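Undergrad: Task: produce atomic coordinates for the following.
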Amino acid sequence: RVDYGSPAGVVDGKEGSDIRRSGDEAWTLNSLVKRHRDFKGRVRAAAGMQFLFCDEWHPQAVRGALDPLPSCTVTMTLAQFAWHIQEGSEYSVAGIRFYMQAKLNSSMLADIDLTQPPFPPVTTREQAEDEGGWQVSQTPRLWISPQGGVSPLHYDRSWSYIAQVRGIKRLLFYPPSANPNLYPYPDDHPLARRAQVDIRAPNLKLYPLFEKVPPPIQVLLSPGDVLYLPPYWMHHTENISFSISITCRFKN
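TA: Next up, the predicted model:
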């Protein structure tokens with residue numbers, strides 16, 4: 001039984017959690033580009049491998065309170081993204097790195113099955129309201145990261161599942177009880193839901209309460225693994241290798 005109050009144990013794809021309907025070969029970057037070349041999606045750009053989410057259209061960001069912005073979003077086709085992330089490519093931009101974080105379109109959704117366990121059974125809106133069932137709260141998203149890409153410590157407000165398709169992803173989790181000692185930005189800040197403290201090199205003079213934070217839970221995701229992530233759990237994500245993942249979020 002899944003404990004919905006903490007990150008659930010990884011479900012091994014060999015036990016039947018493989019979400020790919022079209023087979024293993026359909027979800028390499030090359031095959032995705034061939035089959036969905038003109039697919040357009042959101043890509044986060046940053047000056048380095050740390051992709052800190054920022055609401056670039058937040059009034060404070062527009063007024064220049066964050067100068068420079070830690071990251072920004074651009075729209076690319078899959079083919080353009082594949083060109084840009086190749087080191088030494090004529091299409092690469094010196095010093096700028098890219099991390100695709102795009103909503104899946106109907107063609108890509110037809111490739112995968114998010115209805116089988118460990119994903120929760122989705123109900124109608126009326127059933128969800130009357131019986132406490134589950135509803136999809138966000139279109140499933142495709143995450144493609146170069147090796148070394150980092151998503152710094154943050155939390156989400158919804159119940160999430162991370163399905164690993166390619167590569168190895170490392171996640172560090174902290175329970176919601178630790179959040180005050182991780183110094184999250186205020187809700188009205190462009191970096192809302194992000195932690196101010198850098199867990200890889202914490203500045204204890206600025207963030208002394210970090211010393212009270214317990215060691216994180218560590219999870220390594222391999223192809224075929226699925227991880228359940230409850231709301232408000234701070235998590236830091238590192239892509240140990242080139243990585244393709246799918247996330248789906250639910251409300252209850």
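Undergrad: can you count the residues close to Ile85?
TA: 22 (other C-beta atoms under 10 Å). To be clear about C-beta, it is placed using only N, CA and C from the backbone, and glycine gets the same treatment.
Undergrad: for Leu69, what are its contacts?
TA: By C-beta atoms under 8 Å, 6 or more residues apart in numbering, Leu69 lies in contact with Cys54, Glu56, Ala61.
Undergrad: tell me which residues in stretch 66-83 are buried?
TA: Neighbour counts using 16 or more other C-beta atoms under 10 Å place Leu66, Leu69, Pro70, Ser71, Met76, Thr77, Leu78, Ala79, Gln80, Phe81, Ala82 of stretch 66-83 among the buried residues.
Undergrad: Quote the end-to-end distance of that stretch.
TA: Using C-alpha to C-alpha, to the nearest Å, one end of stretch 66-83 lies 29 Å from the other.
Undergrad: So what's the gap between that stretch and the chain middle?
TA: Relative to the chain's own centre, stretch 66-83 is displaced by 15 Å; criterion: C-alpha atoms, centre = their mean, to the nearest Å.
Undergrad: And for stretch 235-251?
TA: Centroid displacement of stretch 235-251 relative to its chain, using C-alpha atoms, centre = their mean, is 4 Å.
Undergrad: Next, the distance between the ends of it.
TA: Where stretch 235-251 begins and where it ends lie 19 Å apart, using C-alpha to C-alpha.
Undergrad: Just the mean pLDDT for that stretch, thanks.
TA: On average, the pLDDT along stretch 235-251 is 94.
Undergrad: For that stretch, buried residues please.
TA: By 16+ other C-beta under 10 Å, the buried positions in stretch 235-251 come out as 235-239, 242-250.
Undergrad: okay, those in JSON lines with secondary structure next?
TA: Converted to JSON lines, the buried residues of stretch 235-251 look like this (DSSP: H, G, I helix; E, B strand; the rest coil):
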{"residue": "His235", "secondary structure": "strand"}
{"residue": "His236", "secondary structure": "strand"}
{"residue": "Thr237", "secondary structure": "strand"}
{"residue": "Glu238", "secondary structure": "strand"}
{"residue": "Asn239", "secondary structure": "strand"}
{"residue": "Phe242", "secondary structure": "coil"}
{"residue": "Ser243", "secondary structure": "strand"}
{"residue": "Ile244", "secondary structure": "strand"}
{"residue": "Ser245", "secondary structure": "strand"}
{"residue": "Ile246", "secondary structure": "strand"}
{"residue": "Thr247", "secondary structure": "strand"}
{"residue": "Cys248", "secondary structure": "strand"}
{"residue": "Arg249", "secondary structure": "strand"}
{"residue": "Phe250", "secondary structure": "strand"}
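Undergrad: Please consider this matter closed, and thank you.
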